[in-house]
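>>> Return atomic coordinates for the entry below.
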Amino acid sequence: MTDQANYEATLLRLNRALDQLESAVAARLENDWTGAEREEELAIMQDDRARLALDLDSALARASILEKTNDEVLRRLDVVGAHVSAVLDAGRASTDN
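Numbering: from 1, shown residues only. Coordinates of the predicted model:
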């Protein structure tokens, strides 16, 4: 092999090695950037989860209060209904006599 052919073969191997190095560096940078992106997305999701947990706790507490209020309203309506029935029955009884 001549010196020129040796030189060209060495230069070709060097260019291939540089291409591989560039690819490896690009892949590493992409992985690092993606890792940072993942960390940021995870932090956002954890914040969202915490906020949603607070919202859920608040909604459950409100639902509990509304259920108790609804039960109280139904109880009072039953009492009022019983009083109305008693008044109507007394009115009928007085008109029947």
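
>>> For the helix or strand hosting W33, the averaged confidence score.
Per DSSP states H and E, W33 falls inside helix 3-96. Helix 3-96 carries an average pLDDT of 91.

>>> so how far is it from its chain's centroid?
Offset of helix 3-96 from its chain centre (CA atoms, centre = their mean, to the nearest Å): 1 Å.

>>> Count the neighbours of D48 for me.
10 (other CB atoms under 10 Å). Backbone N, C-alpha and C define where each C-beta goes, glycine included.

>>> ok, now A17?
Considering only other CB under 10 Å, A17 is surrounded by 10 other residues.

>>> Next: L88.
10.

>>> what do you get for D57?
D57: 10 neighbours (other CB under 10 Å).

>>> go on, R76?
10.

>>> let's have the chain start at 173 instead
Done: numbering now begins at 173, and the last item shifts to R248.

>>> ok, it to Q192 distance?
From R248 across to Q192, the span is 82 Å (CB to CB, to the nearest Å).

>>> same check, this time on V256
Note on V256: its distance to Q192, by CB to CB, is 91 Å.

>>> for E244, same thing?
E244 is 76 Å from Q192, by CB to CB.

>>> ditto for D261
Between D261 and Q192 the computed distance is 99 Å (CB to CB).

>>> same thing with T174?
Distance of T174 to Q192, computed by CB to CB: 27 Å.

>>> what about the two, which has more around it?
The residue with more neighbours, out of T174 and Q192, is Q192; 10 against 7, by other CB under 10 Å.

>>> In contact with the more buried one: list those residues for me.
Remark: with contacts taken as CB atoms under 8 Å, 6 or more residues apart in numbering, Q192 is in contact with nothing.

>>> Count the neighbours of Q176 for me.
By other CB under 10 Å, the residues close to Q176 number 8.

>>> Equivalent analysis for L249, please.
L249, neighbours per other CB under 10 Å, totals 10.

>>> any idea how far it lies from A181?
Distance from L249 to A181, by CB to CB: 98 Å.

>>> likewise A225?
A225 sits 65 Å away from A181, going by CB to CB.

>>> and if you look at A208?
From A208 over to A181 (counting by CB to CB), the distance is 41 Å.

>>> Also R223?
Look at R223 and A181: by CB to CB, they are 63 Å apart.
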